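**Q** here you go, sequence then predicted model.
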Amino acid sequence: MNYEYISEQSRVSSLLPILMQKNVWSLDTETTGLDPHKDKVVLLQIGSPQVQYILDTRKVQIEPLRPFFESEKIRKIGHNLKFDYKMIRGSFGIETEQLRDTYYAEKLLTMGVKFSGFGLAQVLEDRLEVKLSKEERSSFGDGFSYNQDFTREQIEYAARDVIYLQPLALKMSEAMTAAGLMDTWLLECEALPCFADMEFAGMCFDTAAWQKLVDDNRSASMQLEGELNKIAENVMQRDLFGEVNVNWGSPDQVVEVLSLMGVRVKRWDRDLKREVDEIITSSNDKTLKKVKDYKIVQLLKKYRGHAIRVNMFGDSYLNAVSKETGRLHPEVAQIGTATGRPANYAKKNSVNFLNIPREKAYRHCFMGEENEVVETDDYSGCELRIWAELSKDPGLTEAFQKGVDVHCYVATKLFGKEVTKKDKERTPAKTLNFGGRI
């Protein structure tokens, strides 16, 4: 290590010319927490394998370094930089350009093969055989007094984080170039600030309208639960108070009630070559569809619909509203699936806004500020266009060249008649388009 701990404002200004001379630096932060609207950056690390600058941001202002952060000529290498970007923006109002994230590089290099171990310590050990202890990190969290002096161990811990980032990025760049992933990595890095800005800004949320949806669904599910219990009275034992209480959210209890009521499912027997009746053994949607004429099944389907709305789109959204901003700040895993698509983080106080119900009542709860509108954009047949380009399929190519709806085009070919977006034949064609190609 060759670090300099900076706690004097005069040194910050003299640091800028040094930073502007090189076209690449490593970047990291130490913070009091994870919320950029509530927690603060306490140490800011800018460094290289040769030298590390550790700025005590409780004692110095980093505004003089704004040109460094905003420069599009200087690359800033880090690990999970979306977090650092948001914390720097929240603490200092500075947006950082030209980020290069080794976290995303590791994601791309191990896509579909590795599902954990993406932290810096593990990646350094895997890629460079460097063991980096992260135990000191906890000393910046709970129990850390904002005004207490940093220990030598804390400062050295902060310095170590930026020593290895450039060698790591170089090693990964070689691997990504060999795998043909360099352009993909650069694209993901360019998109990183967009995702970070989206999470930082959050969205307006009509809590009153959402609360009404929660209350309405909870009331409907309770009413349906009462109707279901009434039907089950004939086959289920009563409790000490003479009540029948079935947990209609339990698949096992539902199967028990349905079997006691004599609900049977038809199954094709290959040996007998005919349909046979069987006692119901499952209450999944596929099975219930086969016995949909039973009143109890009809009520159960309605009950489940309301219960799902309560459990998945209920109080968790109201509890996730930031007390600091009054807005929702969903977090998105930019490379969240094995195919590289974004996904929602499954974290405490994080809500999934990628699967909001299609009903207007739900979607209208997400709105713009006064005098603003919400704009919706979508790629037109993105996956199928890529497939047409790669496969040179004449039918798909013709459809896109004509500028017609590709699902209607395929449906027209399938059913031998002109199919429009309003026709039911478009749905199976869409299923075929997306499900029939690998």
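**A** Yep, it's here. Because the structure is a prediction, the values reported are computed rather than measured.
**Q** pull out the buried residues from whichever strand or helix holds Tyr362.
**A** Counting by DSSP states H and E, the element that carries Tyr362 is helix 360-363. By neighbour count on 16 or more other CB atoms under 10 Å, the buried set for helix 360-363 is Tyr362. All C-beta spots, glycine's among them, are computed from the backbone N, C-alpha and C.
**Q** and it, what does it pack against?
**A** helix 207-232 (3 or more CB pairs under 8 Å, 6 or more residues apart in numbering; DSSP states H and E).
**Q** domains in the chain, by residue range?
**A** 3-201, 202-376, 382-435 (automatic domain parsing).
**Q** tabulate these (TSV), appending mean pLDDT.
**A** Formatted as TSV, the domains of the chain follow (pLDDT from 0 to 100):
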stretch	mean pLDDT
domain 3-201	94
domain 202-376	88
domain 382-435	89
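**Q** for the ones you listed, which one ends up most surrounded?
**A** domain 3-201 (a mean of 17; mean count of other CB atoms under 10 Å).
**Q** residues in contact with stretch 423-438?
**A** 383-384, 387, 405-408, 410-411, 414-415, 417, 419-420 (CB atoms under 8 Å, 6 or more residues apart in numbering).
**Q** which residues in the stretch 251-400 of the chain form helices?
**A** 251-260, 285-290, 295-312, 315-319, 360-363, 382-391, 394-402 (DSSP state H, counting those that start in this stretch).
**Q** Leu43: which of those is closest?
**A** helix 315-319 (31.1 Å; CB to CB).
**Q** what packs against that closest one?
**A** Against helix 315-319 (3+ CB pairs under 8 Å, 6+ apart) you get helix 207-232.
**Q** ranges for the strands of the protein?
**A** 3-6, 24-31, 41-47, 52-56, 75-78, 99-101, 204-205, 264-269, 274-279, 332-333, 343-344, 366-367 (DSSP state E).
**Q** ok so, going back, give me the subset of the contacts of stretch 423-438 lying in helices.
**A** The members of those that map onto helices under DSSP state H are Glu383, Leu384, Trp387, Val406, His407, Cys408, Val410, Ala411, Leu414, Phe415.
**Q** now do the fifth one against Gly381, distance only.
**A** Distance of His407 to Gly381, given as CB to CB, to the nearest Å: 8 Å.
**Q** can you name the farthest residue from the center of this structure?
**A** Using CA atoms, centre = their mean, the residue of the chain lying farthest from its centre is Leu272. It sits 49.3 Å away.
**Q** can you give me the end-to-end span of stretch 1-10?
**A** End-to-end span of stretch 1-10 (CA to CA, to the nearest Å): 23 Å.
**Q** what's the answer for stretch 36-53, then?
**A** 22 Å.
**Q** surely Val321 meets Thr207?
**A** Yes: applying CB atoms under 8 Å, one finds Val321 in contact with Thr207, separated by 6.4 Å.
**Q** for the most centrally placed residue in the chain, give the beta-bridge partners.
**A** In the chain, the residue lying closest to the centroid (CA atoms, centre = their mean) is Asn344, at 1.9 Å. Beta-bridge partners for Asn344, by DSSP bridges, are Val332.
**Q** so it touches Gly336, yeah?
**A** Yes: counting by CB under 8 Å, Gly336 is a contact partner of Asn344 at 7.3 Å.
**Q** what sits up against stretch 259-273?
**A** 231-232, 234-236, 274-281, 287, 290-291, 294, 296-297.
**Q** and Gly381, what pLDDT?
**A** With respect to pLDDT, Gly381 scores 81.
**Q** nearest spatial neighbour of it, skipping sequence neighbours?
**A** Val406 (5.2 Å; CB to CB, 6 or more residues apart in numbering).
**Q** surely the one you found meets Gly395?
**A** No: if you go by CB under 8 Å, Val406 and Gly395 don't touch, sitting 9.2 Å apart.
**Q** circling back: state the distance from the residue nearest to the centre of the chain to Thr102.
**A** Asn344 is 23 Å from Thr102, where distance means CB to CB.
**Q** for stretch 418-434, how far is the first residue from the last?
**A** 21 Å.
**Q** can you give me the offset of it from its chain's centre?
**A** Centroid displacement of stretch 418-434 relative to its chain, using CA atoms, centre = their mean, to the nearest Å, is 30 Å.
**Q** what of stretch 66-76?
**A** 28 Å.
**Q** got the CA coordinates for that stretch in PDB?
**A** Extracted as PDB, the C-alpha positions of stretch 66-76 are listed here (Å, rounded to 0.1, in the frame of the first residue of the first chain):
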ATOM      1  CA  ARG A  66     -16.400  17.400  -9.700                       C
ATOM      2  CA  PRO A  67     -14.500  17.700 -13.100                       C
ATOM      3  CA  PHE A  68     -12.800  14.400 -12.300                       C
ATOM      4  CA  PHE A  69     -16.100  12.600 -11.600                       C
ATOM      5  CA  GLU A  70     -17.900  14.100 -14.600                       C
ATOM      6  CA  SER A  71     -15.000  13.700 -17.000                       C
ATOM      7  CA  GLU A  72     -15.900  11.400 -19.900                       C
ATOM      8  CA  LYS A  73     -12.200  10.900 -20.700                       C
ATOM      9  CA  ILE A  74     -11.300   9.300 -17.400                       C
ATOM     10  CA  ARG A  75     -12.400   5.700 -16.700                       C
ATOM     11  CA  LYS A  76     -13.400   4.900 -13.100                       C
END
